[in-house]
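Engineer: Sequence and predicted structure below; questions after.
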Amino acid sequence: MSIADDIAGWAIRRNGSCLLTQEVDCGETITPFRACCPSSTVCPSQYNVACCQSGTNCTTAIVETPRCANSSWAMFDNAGYFCCEDNQVGYNNGGSDGCSRSGVSIPDGASPLAEVDQVTLSSTTSSASSTSTSTTTSSSPPSSPISSSDSDSSSSTPVGAIAGGVVGGVALVAIILAAIFLFRRRRSRAKEATGYRNVATDRDTTTAIPDQIEIDGTPRAELPTKESTRVYELS
């Protein structure tokens, strides 16, 4: 739905009174003119008389897209938009708006105004809006299709990396355990070799101690043999 469907437009200036049953009287502007809106609209209190849908205040919207509440009216700009009948001329009278039939003189001191083309202003706004939309759309980068092979590759890469990490971790743990095992085995062998040497040494040092003990606890030493005590005389 466009902006024009949501809003009405600017009110008409009528000399004397609004049309009965067809228009809503929005009040006097400057004697003898009154602002009038179509009966299907309302005229909320605003800086200039606008005709809006019931329950809305459309001033800002119709300032951006100027139009009369009835497309058959002629629109004028006197530091604020207003409308007259199609066969009338709008004028500025001391800062106030007025409408006069074409060919009829306007009040002294008043200055006529040029009619503003409603369609041109509205279409210009719509064109600018569509241009902005087109620019925004074209600036978006085109999306490239993703083939199934690319998808498989992107999904398999993390799985492969994780699997490789797990295998590497297991291998590292195995190497550490093997090193600990070899170290402890070598250390055990070294202890056994040291024990054998100690046993041999103990046996050597205890051979001179007699194995038999006398009743009174005094060790018994074997007597030397005669051969070992033989004295050789010098000739």
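Structural biologist: Nice, I can see it. Numbering: from 1, shown residues only.
Engineer: C-alpha only now, for contacts and for neighbours.
Structural biologist: Fine.
Engineer: so where's the protein shaky on pLDDT?
Structural biologist: 1-7, 46-47, 119-158, 194-235 (pLDDT under 70).
Engineer: Show me where it has its strands.
Structural biologist: 9-10, 12-15, 23-28, 33-38, 50-51, 74-77, 81-84, 88-93, 96-101, 111-112, 115-116 (DSSP state E).
Engineer: just those strands: most buried one?
Structural biologist: Mean neighbour count (mean count of other C-alpha atoms under 10 Å) peaks for strand 50-51 among the strands of the chain, with a mean of 32.
Engineer: Quick check: closest non-adjacent residue to Arg34.
Structural biologist: Glu28 (4.2 Å; C-alpha to C-alpha, 6 or more residues apart in numbering).
Engineer: before we move on, back to that, with respect to Arg187, which of the strands of the chain lies nearest?
Structural biologist: For Arg187, the closest of the strands of the chain is strand 9-10, at 102.3 Å, according to C-alpha to C-alpha.
Engineer: Going by contacts, tell me the helices and strands next to the closest one.
Structural biologist: strand 50-51, strand 81-84 (3 or more C-alpha pairs under 8 Å, 6 or more residues apart in numbering; DSSP states H and E).
Engineer: Can you add distance to Arg101 and give the ones you listed back as TSV?
Structural biologist: TSV is the format used below for the helices and strands packed on strand 9-10 (distance: least, C-alpha to C-alpha, whole Å):
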stretch	distance to Arg101
strand 50-51	22
strand 81-84	9
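Engineer: closest one to Val63 among the ones you listed?
Structural biologist: Nearest to Val63 among these is strand 81-84; the distance by C-alpha to C-alpha comes to 8.1 Å.
Engineer: And the helices in the chain?
Structural biologist: Secondary structure of the chain (DSSP state H): helices located at 3-6, 59-64, 118-139, 148-206, 226-229.
Engineer: Neighbours of Asn57, how many?
Structural biologist: 18 (other C-alpha atoms under 10 Å).
Engineer: and what of Ala171?
Structural biologist: Counted with other C-alpha under 10 Å, Ala171 comes out at 12.
Engineer: List the residues that contact it.
Structural biologist: Neighbouring residues of Ala171 by C-alpha atoms under 8 Å, 6 or more residues apart in numbering: there are none.
Engineer: In contact with Gly95, which residues?
Structural biologist: Neighbours of Gly95 in contact, by C-alpha under 8 Å, 6+ apart: Asn78.
Engineer: Oops, could you answer that again for Ile106 instead?
Structural biologist: Contacts of Ile106 (C-alpha under 8 Å, 6+ apart): 91, 100, 112.
Engineer: Rebuild those residues as JSON lines, extending it with distance to Ala193.
Structural biologist: Below are the contacts of Ile106 laid out as JSON lines (distance: C-alpha to C-alpha, whole Å):
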{"residue": "Tyr91", "distance to Ala193": "126"}
{"residue": "Ser100", "distance to Ala193": "131"}
{"residue": "Pro112", "distance to Ala193": "127"}
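Engineer: thought Thr29 was touching Ala35?
Structural biologist: Yes - if you go by C-alpha atoms under 8 Å, Thr29 and Ala35 touch, sitting 6.5 Å apart.
Engineer: What residues does Gly80 make contact with?
Structural biologist: Counting by C-alpha under 8 Å, 6+ apart, Gly80 has contacts Asn48.
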